[in-house]
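Q: With the input below, show me the fold.
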Amino acid sequence: MMTTAPVIDVRGLTKRFGGKPAVDGVSLTVEKGEIAGFLGPNGSGKTTTIRMMCGLLTPDEGDGQVLGYDIRTEGRAIKREVGYMTQRFSFYEDLTIEENLNFVAGLYALAPARQVVADTLADLGLTSRRQQLAGSLSGGWKQRLALAACIMHRPRLLMLDEPTAGVDPKARREFWDEIHRLAADGLTVLVSTHYMDEAERCHRINYIAYGRLVARGTVAEVVGGAGLTTVVLEGAGTADAARTLRGMPGVDQVAPYGNTLHIIGRDGDALRAAAEGVARTTGTTMRPAETSLEDVFIQLMGEAQDNTR
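A: All right, here's what the predicted structure looks like:
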């Protein structure tokens, strides 16, 4: 039985700037047709890792293949078959949507250019707006134009670096619906984000902190593997409960949510004992709760060692 090689298969990627590691030994595998989330706080090394996999940066250490090409020696071939949407994707604001895409088609020498542009406009729902100036578009439509420019040349891999930053929730949902449609057609997607709801729309996620990959798997695997216990306190005394619980044995996180208080920690027995005692003295009630992906990432971030200083 034939097996398909991963679209991304990199090992031990390391990149230093000024002697300090921005990326430290990252290994990553992404399968064909997968939407892989690449998560982490700002400055964690996501963009640097993506640029190494695109062939835009040479790693100081590590190796691997993207689309079967060696990331060290075949960067030009990788660039031809990757659509890379940067955090600040640039286009000409004084040109229309159609004119911008005509320009991109020329850069890739796509032919027949007019038909390729027309097909891309239709695929991304931009046909009715094709004569609108790019500079007049809302954030969501600008992102759609950027995505159109990235997929015009029919790449086999799409890399998106925080593509929905500053975009309203409705536009974000529509953008992700489009990403899932493209993946269903066979396109592989690696998307960096720090939005937890977006992470949950990925097939698998990879979490990086201080340049090191600290968790990977499906959302269920990452949450289950974190070994955290979560309980919720409800009632009028949650503010007093929060002040008391912080720093108690077993309590790693205390997070207010409206009229409830979420308490999270690795030592489940100690956490429950602390929460039960505080509940009695503050007139609140305690119940068990599901640990969220956000709880896990905050925990991982708190436990990660900052090796960049």
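
Q: How many residues are close by the nearest residue to A209 once chain neighbours are set aside?
A: Leaving out its chain neighbours, the residue that sits closest to A209 by Cβ to Cβ, 6 or more residues apart in numbering is A304, at 3.8 Å. The C-beta positions use only the backbone N, C-alpha and C, and glycine is treated the same way. The number of residues packed near A304 is 18, by other Cβ atoms under 10 Å.

Q: Would you mind pulling up the elements that the helix or strand hosting T244 packs against?
A: T244 is part of helix 238-245 when elements are defined by DSSP states H and E. Counting contacts by 3 or more Cβ pairs under 8 Å, 6 or more residues apart in numbering; DSSP states H and E, helix 238-245 packs against strand 253-257, strand 260-265, helix 268-282.

Q: in the stretch 51-200 of the chain, which spans are strands?
A: Using DSSP state E, counting those that start in this stretch, the strands of the stretch 51-200 of the chain run over 61-66, 69-70, 82-85, 157-161, 188-193.

Q: Pull out the buried positions in the first one.
A: For strand 61-66, burial by neighbour count (16 or more other Cβ atoms under 10 Å) applies to G62, G64, Q65, V66.

Q: helix, strand or coil for the closest residue to A279 other than its chain neighbours?
A: Excluding its sequence neighbours, the residue lying closest to A279 (Cβ to Cβ, 6+ apart) is M286, at 4.5 Å. On the three-state scheme (DSSP: H, G, I helix; E, B strand; the rest coil), M286 is labelled strand.

Q: Touching, M286 and A274? I think so.
A: No: M286 lies out of contact with A274 (Cβ atoms under 8 Å); the separation is 10.3 Å.

Q: what stretches of the protein score poorly on pLDDT?
A: For the chain, the stretches flagged by pLDDT under 70 are 1-3, 305-309.

Q: Repeat the analysis, applying 50 as the threshold.
A: 1-2 (pLDDT under 50).

Q: Specify the residue ranges that define each domain of it.
A: Domain assignment for the chain by automatic domain parsing gives 8-223, 229-290.

Q: and Q299, which of the three is it?
A: helix.

Q: Just give the number of residues close to it.
A: 19.

Q: Show the contacting residues for it.
A: A226, L228, D252, Q253, I264, R266 (Cβ atoms under 8 Å, 6 or more residues apart in numbering).

Q: who wins for most neighbours among those residues?
A: Top of the contacts of Q299 by neighbour count (other Cβ under 10 Å): I264, with 24 neighbours.

Q: residues contacting that one?
A: Per Cβ under 8 Å, 6+ apart, neighbours of I264: L228, T229, T230, V251, D252, Q253, V254, A255, L271, T291, D295, Q299.

Q: and if we set it to 10 Å?
A: Contacts of I264 were listed using Cβ atoms under 10 Å, 6 or more residues apart in numbering, and they are 226, 228-231, 250-255, 271, 289, 291-292, 294-296, 298-299.

Q: same deal with T49?
A: Applying Cβ under 10 Å, 6+ apart, the residues near T49 are 10, 13, 15, 22-23, 26, 28, 38, 40, 57, 59, 190, 192, 206, 208, 211, 213.

Q: quick one on the thing from earlier: shared neighbours, M286 and A274?
A: V231, I263.

Q: Now that D168 has come up, it's in contact with W141, right?
A: No: D168 is not in contact with W141 according to Cβ atoms under 10 Å; the separation is 11.0 Å.

Q: So for these two, which residue has more residues nearby?
A: Neighbours per residue (other Cβ under 10 Å) separate D168 from W141, with W141 holding more: 20 against 12.

Q: A22 versus that one, what's the distance?
A: Distance, W141 to A22, by Cβ to Cβ, to the nearest Å: 33 Å.

Q: follow-up on the earlier one: in JSON lines, list the strands of the stretch 51-200 of the chain along with distance to S44.
A: Shown next, in JSON lines, are those (distance: least, Cβ to Cβ, whole Å):
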{"stretch": "strand 61-66", "distance to S44": "17"}
{"stretch": "strand 69-70", "distance to S44": "26"}
{"stretch": "strand 82-85", "distance to S44": "19"}
{"stretch": "strand 157-161", "distance to S44": "12"}
{"stretch": "strand 188-193", "distance to S44": "9"}
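
Q: Brilliant, that's me finished.
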